[in-house]
Each structure stands twice: as structure tokens, then as C-alpha cells.
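[1] I would like to see how this sequence folds:
(one chain, ligands or ions: 1)
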Amino acid sequence: MTARVELVGLATAHRFAAGDDLATALLDAVASAGLELRDGDVVCVASKVVSLVEDALHPLPAGDPKDARRRLARDLAVRVVADTPGVLVVETPHGFVCANGGIDASNVPGDDVALLLPDDPDASADRLRRAIGERTGRRVGVIVTDTFGRPWRLGQTEVALGVAGTPALRDERGGTDLQGRTLEVTVAAIADEVAAAADLVRTKASGTPFVLVRGLPGGAAGTGRDLLRPAASDAFRAGGPTVAEHAVTSRRTIRRFLPEPVDHGVIEAAVRAATTAPAPHHARPWRFVRLTPPTRGRLLDAMAAQWRTDLAADGTDPAVIERRIARSDAVLRDAPELLAPFVVLDAAHDYPDTRRTIAERDLFMLSGGAALQNLQVVLAAHGLGTAWISSTAFCAPTVRDVLGLEPTWQPLGMLAVGHPAGQPPAREPADVADLLLER
Ligand SMILES: Cc1cc2nc3c(=O)[nH]c(=O)nc-3n(C[C@H](O)[C@H](O)[C@H](O)COP(=O)(O)O)c2cc1C
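    Numbering: from 1, shown residues only. Prediction:
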């Protein structure tokens, strides 16, 4: 079989505006190229001119236009996929995932407006297909295309936003390869491939909104929607700087847990993540003791006894003492898992004076904090809640004694871990202006 496809760029001097008849502009461009449409032809049309004739303009918020476009893209998006200084990738209400929500600023009438993607690119494609049919009697396919960047690969390509009268996907699953093996995953995104091929015969500045594609095999007509991957099969939904940022900022302290066991594999993954925390002198000063039930009871009893002694020596009312212990117990006694985190000071440098000795110890302890944060964030990413409770830090000798640890082990508190019984509300970030200073 010899397959041959022909691509003809159809340039036009027409400057598109709201209300223009797209079919007329297209048929004029076809005639100017000395051609006539035939049954089976596919016309690729740039979404830009579709948006212009459909008047898909939107006022930009006030301020710097570039910044305003980003804000508008965020406002109109259903999901922010990645928000970095270099690029904002969002999911549009249509389901397209693209930079700046496909919001366009070039060739728009005025600085205070932006051009959005067509409202319903499949409907736009179908309107043009039907208008061509009425005017010429020809059965053609139409693909509304736009330029999208791609993760993992440099350079942009055209993709099919709207499709009418031509296939979107070619499903080869269930067929066989040359060796007779059954194809299990092959579904060719042919509308995207046609859209990308159309860009071979034009550049952005060539004034070529239409490309005629002749010689494509036919098949059942599809739509642009057929090309949208359902969220459930999107293995890459979680990824990129925005997700890392979200993982950190969405972690909340959880103090009540469901009575479900915690997967030990997840705890190990979280401890592995903890051990990537920064630490002084390339040390690995963190330790985590997973408390088994008998040890947990003994440790909590011993810590409560020490706490009672401390609070009584402070002159605290006995009823208040018991209330405070009960509040702490409410989190720790029934938590599905208890991890006792420590920092060991073996690798800390010795200094002859107190100032530097304390600084060195503080730095090791800070590394423990970083490790615990890693641990909590990774547990949260696996749907587990944590409460970091100070307890052990106030009775280090008792803890070391019950667990049989060396004096260089510094307890960092206790971490209760479990499946959350509820989710606290999302937290408003603090105003960094008050916290990030310049001197
Ligand atoms: C070093 C440290 C000790 C903490 N000790 C306790 C504690 O003893 N009891 C408690 O309920 N929460 C404790 N917390 C949790 C804080 O109360 C909690 O982080 C804070 O309320 C903010 O809530 P968030 O973690 O949801 O952002 C501790 C947190 C840290 C970092």
C-alpha cells in the first residue's frame, strides 16, 4: 500500500474580526490557491481565527498585561497544574491542559483584552464543516488546532482542539502486529497528528490560518473531546513544582484518627524521605523508634509520671495536671502508630565554649526538624495524618531510660500517625510581607 498525504497551506490577507464568515474566508483562500475542495479533504483551521470570528475576547484585569493574563488564566481555570515563575499551566473548562489556559495576546484588538480559546471547539469545527457542505456540496472534515507545549519534550506542536467529520483517534487495539501479536494499547491520536502535520506548511507569521490536508484515510468521525485523557487514567496528574508546594502547604496537624492500621511500607517510605533532610557535616543524625504496644504503654506511663512530678513542683492544681495529661493521652494512647523521633549528637563537633556547643547542638536539632517535616509531608501525601507532640522533649532521661538509649539520643517529641478521622479546613497562608524581611 502506498499512502500519500498532501498538505497545502492556504494563506489569506484577510484580517479576521468578530462576526466574519469563516467558510467564506476559507473558500476564498481555497480558490486563491487554484484549488477546489473534494470529498474526504480535511481542513485544519487555527483556533486563533475561530476565536476572533466568535468574538472570544475577555477583558484583562488591570495591571501589567503579562501578569494580568496569568491572573485571568488562573481565574478561568478549573485546575492549576503548574505555577512557576516561567510557566503557568492550567486545565481549562474544556479539559485542555495548556500554558496560560490558551489565552492569547498577539493580534488582539487592544491591550486591555485577551483572546480566549473558542468556547466549544467541536461545535466550531462542526459549524464550519456544515457551512462548507452547504456551500460546496463537499463532505470535508474540519480540525480546529492550537499550539501547545509538551511536558518532557522541547518545542511546541499543533494539537486538535475541535474535530468534526474526520476521526480523532484510530483504535488499533485488538488488531495484530507484523508478528501476529495482539496490540493492546495502540490508539493513534490521528487528529493531533494531522494538526501537527498542518504546521509543516506554515509559520506563525505566514498568515496561513487554513491548511488543506488531502489523502487521509477516512473512518468514523470523532471529536476533540475524544482526545482528552480522563483524570482517572492520568498517571502524571501529581507532579511538578506546584504539586510539591501543595504537598507542603496542605499538610495539617491531625489529632484524631480512624481505628485503621497504617501500612508499614508507607512509614518506611516516609522515613526514607526523612533521611534526605539536610544535616550538618553530611551526618545522618536522625533516628525513628516505632513503638510497639507494650513499649508504648510503658513509655506513656513513665512520661505521665514525670510530667505529674514536674507540674506538681510548679504548683499546678492536681485537676489541671490530670486534664493536661488526659488531653495528651487522647492523641497518643489511641493513635494507630507512634513514632519517637530522635537526633543523635555523635557527629556533632566538640567546642571548648558553651556558645558554640549550644549552636552545634541546635543545628543538629534543626536537622531533626527538617527530617520530621519531610516525614510528615510524605505521610500526608499518602493520605495519613500526623500530630507532632512535644512530650518526649521534656523528659529526655525518662525516654532514654524506658527505651534503653544512649545519652547522645535527643528526643524531638512524639509523632502520632494514622488515617485522619476528619480534615481541618484549608489554611490561609500568612502574609509573607511581615515574615520575609530585607535589611
Ligand atoms: C516542635 C513541635 C512541637 C509540637 N507539640 C505539640 C503538642 O505538644 N501538642 C499538640 O497538640 N501539637 C503540637 N504541635 C503541633 C502544633 O500545634 C501545630 O503544628 C500547629 O498548631 C499548626 O498546625 P498545623 O501543623 O496543622 O499547621 C507541635 C509542633 C511542633 C513543630
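[2] Show residues contacting whichever helix or strand residue 69 is part of.
    Assigned by DSSP states H and E, residue 69 belongs to helix 65-76. Contacts to helix 65-76, defined as CB atoms under 8 Å, 6 or more residues apart in numbering, come from residues 58, 60-63, 80, 83, 88, 90, 92-93, 100-101, 103, 105, 111, 114, 116. Backbone N, C-alpha and C define where each C-beta goes, glycine included.
[3] just checking: which of those residues also lie near the ligand?
    Near the ligand, judged by CB under 6 Å from any ligand atom, there are no entries from those.
[4] what's the single longest helix in the chain?
    Identified as the longest helix of the chain according to DSSP state H is helix 354-381.
[5] Show me how far the very next helix or strand once past it is from its chain's centre.
    Using DSSP H and E, the helix or strand that follows helix 354-381 in sequence is strand 385-389. Per CA atoms, centre = their mean, to the nearest Å, the displacement of strand 385-389 from the mean C-alpha position of its chain is 25 Å.
[6] And for stretch 332-346?
    31 Å.
[7] give the contact list for residue 241.
    Counted by CB under 8 Å, 6+ apart, residue 241 has contacts 82-84.
[8] of the residues you listed, closest to the ligand?
    Using CB to the nearest ligand atom, residue 83 is the member of these that lies nearest the ligand, at 21.6 Å.
[9] which ones are touching the spatially closest residue to residue 281 that is not a sequence neighbour?
    Once flanking residues are discounted, residue 281 sits nearest to residue 347: 5.6 Å by CB to CB, 6 or more residues apart in numbering. When contacts are counted by CB under 8 Å, 6+ apart, residue 347 touches 280-281, 283, 285, 364.
[10] what domains does the record give for the chain?
    6-56+117-233, 251-434 (automatic domain parsing).
[11] Which among those domains is found nearest to the ligand?
    domain 251-434 (3.4 Å).
[12] So for the closest one, mean pLDDT?
    The pLDDT scores in domain 251-434 average 95.
[13] Can you list the residue ranges for helices in the protein?
    Counting by DSSP H, the helices of the chain are 22-32, 47-53, 65-76, 121-136, 190-198, 241-250, 264-274, 293-313, 318-332, 354-381, 396-403.
[14] Turn these into TSV, columns for distance to the ligand.
    Formatted as TSV, those follow (distance: least, CB to the nearest ligand atom, whole Å):
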stretch	distance to the ligand
helix 22-32	54
helix 47-53	43
helix 65-76	25
helix 121-136	43
helix 190-198	43
helix 241-250	9
helix 264-274	14
helix 293-313	11
helix 318-332	6
helix 354-381	7
helix 396-403	14
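[15] Could you say which one of those helices comes nearest to residue 220?
    helix 190-198 (11.6 Å; CB to CB).
[16] what helices or strands is the closest one leaning on?
    strand 42-46, strand 141-148, strand 157-164, strand 210-214 (3 or more CB pairs under 8 Å, 6 or more residues apart in numbering; DSSP states H and E).
[17] Mind listing residues that contact the third one?
    The reference is to strand 157-164. Taking CB under 8 Å, 6+ apart as the rule, strand 157-164 contacts 44, 47, 50, 94, 96, 117-118, 120-126, 128-129, 141-148, 150, 168, 189, 191-192, 194-196, 198-199, 221-224, 226-227.
[18] So which bits of that strand are buried?
    Across strand 157-164, burial judged by 16 or more other CB atoms under 10 Å covers 157-164.
[19] Same list, the residues you listed, but as CSV with distance to the ligand and pLDDT please.
    CSV is the format used below for the buried residues of strand 157-164 (distance: CB to the nearest ligand atom, whole Å; pLDDT from 0 to 100):
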residue, distance to the ligand, pLDDT
157, 43, 96
158, 45, 96
159, 41, 98
160, 45, 98
161, 41, 98
162, 45, 98
163, 47, 98
164, 51, 98
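[20] Dump the residues you listed into CSV; add distance to residue 68 as well.
    Output for the buried residues of strand 157-164, formatted as CSV (distance: CB to CB, whole Å):
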residue, distance to residue 68
157, 27
158, 26
159, 26
160, 29
161, 24
162, 27
163, 32
164, 33
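[21] circling back to that earlier point, how far off helix 264-274 does the longest helix of the chain point, in degrees?
    140 degrees (axes from the mean of the first three to the mean of the last three CA atoms, to 10 degrees).
[22] Would you mind getting the angle between helix 354-381 and helix 241-250?
    Using the same axes, to 10 degrees: helix 354-381 against helix 241-250 is 110 degrees.
[23] Mind listing what's buried along helix 354-381?
    Applying 16+ other CB under 10 Å to helix 354-381 flags 360, 363-365, 367-368, 371-381 as buried.
[24] Pull the helix holding residue 69 out as CSV, backbone CA atoms only.
    Listed in CSV are the C-alpha atoms of helix 65-76, where the atom choice follows Å, rounded to 0.1, in the frame of the first residue of the first chain:
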residue,chain,number,x,y,z
PRO,A,65,-0.6,42.8,30.8
LYS,A,66,1.6,39.7,31.1
ASP,A,67,0.7,39.4,34.8
ALA,A,68,-2.9,40.2,34.0
ARG,A,69,-3.0,37.3,31.5
ARG,A,70,-1.7,34.9,34.1
ARG,A,71,-4.2,36.1,36.6
LEU,A,72,-7.0,35.7,34.1
ALA,A,73,-5.8,32.2,33.1
ARG,A,74,-5.9,31.3,36.8
ASP,A,75,-9.3,32.8,37.3
LEU,A,76,-10.8,30.9,34.4
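[25] what's the offset of stretch 246-265 from the middle of its chain?
    For stretch 246-265, the distance to the chain centre is 20 Å (CA atoms, centre = their mean).
[26] Identify all contacting residues around that stretch.
    Contacts for stretch 246-265 (CB under 8 Å, 6+ apart): 330-331, 334-337, 373, 376-377, 380-382, 384-388, 416-424, 426-427, 429.
[27] First-to-last residue distance for that stretch?
    Using CA to CA, to the nearest Å, one end of stretch 246-265 lies 23 Å from the other.
[28] Equivalent analysis for stretch 251-265, please.
    20 Å.
[29] Also stretch 70-83?
    Length of stretch 70-83, first residue to last, CA to CA: 10 Å.
[30] Would you check the distance separating it from the middle of the chain?
    For stretch 70-83, the distance to the chain centre is 12 Å (CA atoms, centre = their mean).
[31] pLDDT of that stretch, averaged?
    90.
[32] How about that stretch, which residues are buried there?
    For stretch 70-83, by 16+ other CB under 10 Å, it's 70-73, 76-77, 81-83.
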